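# Predicted model follows, preceded by the sequence.
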Amino acid sequence: MAEVLLQRWHGAALPCQRSLSGVQSTSTRGQLQVLHPGRSPVCCSGARQRRRGRESFVGQNRISQSIGGHCEWKSTSSHRGRRKDGVFARVIGPSTGVAAAAEEEAARGAAEEGEEEFEDEGEDLSDITEWQLDFCSRPIVDERGKKVWELLICDGARRFEYAQYFPNNVINSGSLRQALQDILDKFDIPKPRTIKYFRSQMQTIISRACDELNIKAVPSKRVNTLMKWLDERVETVYSKEPGYQDSATPLFMLDPPQPEPLPEDLVGERWAFVELPVAGLLEEAAAVRSRRVFGDVLSLEDNGVDLPDDALVPGLVVFTRRAPAVAARMASLELACLEVDQQRGCVILNVGVAQRWRYATYKRSKQTDQEAVAWEEAKKAAQGLHFLALQKGQDVDKVEGLWMLKDVQLPSV
C-alpha cells in the first residue's frame, strides 16, 4: 500500500473516539486531502476490471400494460442516446376498454414510426436477479378525477422494463402480488432474488407482496436507474396523458430525517478524506465483485457516470483494528451516499431509505471547513460518484470493505 503520511489536525481524539486525520496533499483542488498521485489508499490483490465500452446499440426488452388491458412483449435495439420509452398504454378510465386501448397504442405507434428502431430476437435475461420497483401515484387523474397509480419495474441496466397503471381503489399487497406473479407467468424472466424500493411509506404493501412470492424486499436508495427513469417518464409519458397535472404534489416525498448517532458496532478509530483515479477504484472493486472483500459496487454506465480512467474520485477511508467485523456488519446494510454536514461538523452516512447517521465528525476550523467543502466539490466533479473504504490501519495493505456510492437525486414524482 502507498505510504500514507498522516497529519493530526488535533492532538486529542474527538468525542466520538475517532481522531480526524488527513493525508499529505498533492492536489490542486483546495485543501482536499489525497494520496500520492496514482497510488491507492485501499490496495488489494486482483486483476484490473476495465469499464465496459460504450456500445452503439443496446438490446432491451419492454412490456406494455394497460388497466384491464393486454400485455405486449417487445424486444428492440435502439441508440443509447435515443432510448424510446416503450409502448406503454395510456390510462384506461371506467368508460373505456381494451379495444380503445389498442387503438390508442396503434395511433401512438404510428406517430413514432419515423424513429429509428431495429428489431432484435431479444437477449437472455436469466442473469437478472435484482429488480428496482416503484409503486406509487402519478401526476395523472382518471375520468373519475382520482389519482392514477403505476407499478414501474426495471433492472439496473434497463434490459427489462415494465409499467402498469392501477386505479386508486385497488392499491394493496394483493394487487401488487398478483401483478408480480403475472409478470413471472407471462414472460420469460426468472423470479428475482431481491426487489429494491425507495419509498419507505410503501414498505408494508411491497414487503407483504414479496414475502408471499418468496422474494426479498429491500428498502434502498441504490436504485438510481429507476429514479432516473421516473424523471424521464414525466416528459415522455406522464405529460402526454390527458389527465396530467403539472402542479400535482408528489406523494410520499418527505424531508430527510435528522441524523442520529452512529451505532457503536460501526464506530472506527481514525478516518481521512482521500481520492482515487477511476481506473484504480474499478481495480479495487474487482475484489468486491469476486466476493473476496465485503462491500458493494456500481456500474458506472448504468448509473450515468461517464468519466475518464484518470479522473479522481473522492472517498473516505476509515481505519480501525475491528475493520473485518465492521465491514461484515456494514455488508448487511444498504449504503446510499456520504454527505458533509458543515454546520454539525460531520460526514453523514445515508443508509436504507430513511436512516442518516453521523458517521465521521471533526472539530470545525477554517481549514477543516475548506477541506469538507472541497470534498463535496470533488464529488460534483465526479458526477456524484464517491466511495467508502475500511482498513485495519494505514500500514496494512488489505482493504476489508469497499462501497462505491453515488449521490442520490430523488425523482420529481
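Perfect, thanks for sending it.
# CA atoms for contacts and neighbours, from now on please.
Will do.
# residues contacting the closest residue to Gly268 other than its chain neighbours?
The shortest distance from Gly268 to any non-neighbouring residue, by C-alpha to C-alpha, 6 or more residues apart in numbering, is to Thr320 (5.0 Å). Taking C-alpha atoms under 8 Å, 6 or more residues apart in numbering, we find Thr320 in contact with 268-270, 390-393.
# where does the stretch 151-300 of the chain have low pLDDT?
253-254 (pLDDT under 70).
# can you map out the strands along it?
For the stretch 151-300 of the chain, the strands defined by DSSP state E, counting those that start in this stretch occupy 160-166, 194-197, 216-219, 260-261, 270-277, 294-296.
# And the ones you listed: which comes nearest Val305?
strand 270-277 (13.8 Å; C-alpha to C-alpha).
# Now do the top strand by length along the chain against strand 160-166: the angle between them, please.
Counting residues, the longest strand found in the chain (DSSP state E) is strand 130-141. Here the directions of strand 130-141 and strand 160-166 differ by 40 degrees (axes from the mean of the first three to the mean of the last three C-alpha atoms, to 10 degrees).
# which other residues reach strand 130-141?
So strand 130-141 is in contact with 147-156, 168, 192-199, 202, 223, 226, 238, 241-251, 413, going by C-alpha under 8 Å, 6+ apart.
# Check stretch 198-211 too.
The contact list for stretch 198-211 (C-alpha under 8 Å, 6+ apart) reads 134-135, 172-174, 176-177, 195, 216-217, 219-221, 223, 252, 353-354.
# can we see that at 7 Å?
Outside of stretch 198-211, the residues within contact range by C-alpha atoms under 7 Å, 6 or more residues apart in numbering are 172-174, 176-177, 216-217, 219-221, 252, 353.
# Now that stretch: buried residues?
198-200, 202, 205-210 (16 or more other C-alpha atoms under 10 Å).
# got the contacts of Thr320 as CSV, with distance to Leu262 and neighbour count columns?
Formatted as CSV, these follow (distance: C-alpha to C-alpha, whole Å; neighbours: other C-alpha atoms under 10 Å):
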residue, distance to Leu262, neighbour count
Gly268, 10, 23
Glu269, 13, 21
Arg270, 14, 20
Leu390, 16, 27
Gln391, 18, 28
Lys392, 19, 19
Gly393, 20, 19
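# Among the residues you listed, which one lies nearest to Leu316?
Set against Leu316, the nearest of the contacts of Thr320 by C-alpha to C-alpha is Leu390 (8.8 Å).
# so where does the closest one fall, helix or strand?
Using DSSP states H and E, Leu390 falls within strand 385-391.
# Please narrow the buried residues of stretch 198-211 to those residing in helices.
Mapping the buried residues of stretch 198-211 onto helices (DSSP state H) picks out 205-210.
# returning to what we had before: got a pLDDT number for the residue nearest to Gly268?
According to the prediction, Thr320 has pLDDT 97.
# Look up how far Arg358 lies from it.
17 Å (C-alpha to C-alpha, to the nearest Å).
# next one: Tyr238
For Tyr238, the distance to Arg358 equals 38 Å [C-alpha to C-alpha].
# Same question for Glu371.
Using C-alpha to C-alpha, Glu371 is found at 18 Å from Arg358.
# cool, Glu235 as well?
37 Å.
# Same check on Gln409?
Taking C-alpha to C-alpha, one finds Gln409 at 20 Å from Arg358.
# Name the residues that touch stretch 239-253?
So stretch 239-253 is contacted by 90, 137, 139-142, 199, 201, 238, 413 (C-alpha under 7 Å, 6+ apart).
# Inside helices: which ones of the contacts of stretch 198-211?
173-174, 176-177.
# what about burial for those, which qualify?
Judged by 16+ other C-alpha under 10 Å, buried ones among the ones in helices among the contacts of stretch 198-211: 173, 176-177.
# Nearest to Glu161, out of these: which one, please.
Taking C-alpha to C-alpha as the measure, Glu161 lies nearest Leu176 of those, at 16.2 Å.
# so who does that closest one touch?
Ala209.
# how close does it sit to Trp131?
14 Å.
# Likewise for Glu334?
Counting by C-alpha to C-alpha, the gap from Glu334 to Trp131 is 15 Å.
# who's Asp341 bridged to?
According to DSSP bridges, the residues that bridge with Asp341 are Cys346.
# Show me what the longest helix seen in the chain is packed against.
Taking DSSP H as the criterion, the chain has its longest helix at helix 366-381. For helix 366-381, the elements it packs on are strand 312-319, judged by 3 or more C-alpha pairs under 7 Å, 6 or more residues apart in numbering; DSSP states H and E.
# any idea how far Arg177 is from Phe198?
For Arg177, the distance to Phe198 (C-alpha to C-alpha) stands at 18 Å.
# what's next to stretch 326-345, contact-wise?
Outside stretch 326-345, the residues touching it (C-alpha under 7 Å, 6+ apart) are 220-222, 265-266, 294-295, 346-352, 361-364, 369, 372, 390, 400-401, 405-407.
# quick one, domains of this protein?
6-39+255-406, 57-240 (automatic domain parsing).
# Single out the most deeply packed of these.
Among the domains of the chain, ranked by average contacts under mean count of other C-alpha atoms under 10 Å, first place goes to domain 6-39+255-406 (a mean of 19).
# how about the helices of the protein, start to end?
98-111, 173-186, 203-212, 224-236, 278-289, 323-330, 366-381.
# Columns distance to Pro314 on top of the ones you listed, output as JSON lines?
JSON lines is the format used below for the helices of the chain (distance: least, C-alpha to C-alpha, whole Å):
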{"stretch": "helix 98-111", "distance to Pro314": "45"}
{"stretch": "helix 173-186", "distance to Pro314": "39"}
{"stretch": "helix 203-212", "distance to Pro314": "33"}
{"stretch": "helix 224-236", "distance to Pro314": "19"}
{"stretch": "helix 278-289", "distance to Pro314": "10"}
{"stretch": "helix 323-330", "distance to Pro314": "20"}
{"stretch": "helix 366-381", "distance to Pro314": "6"}
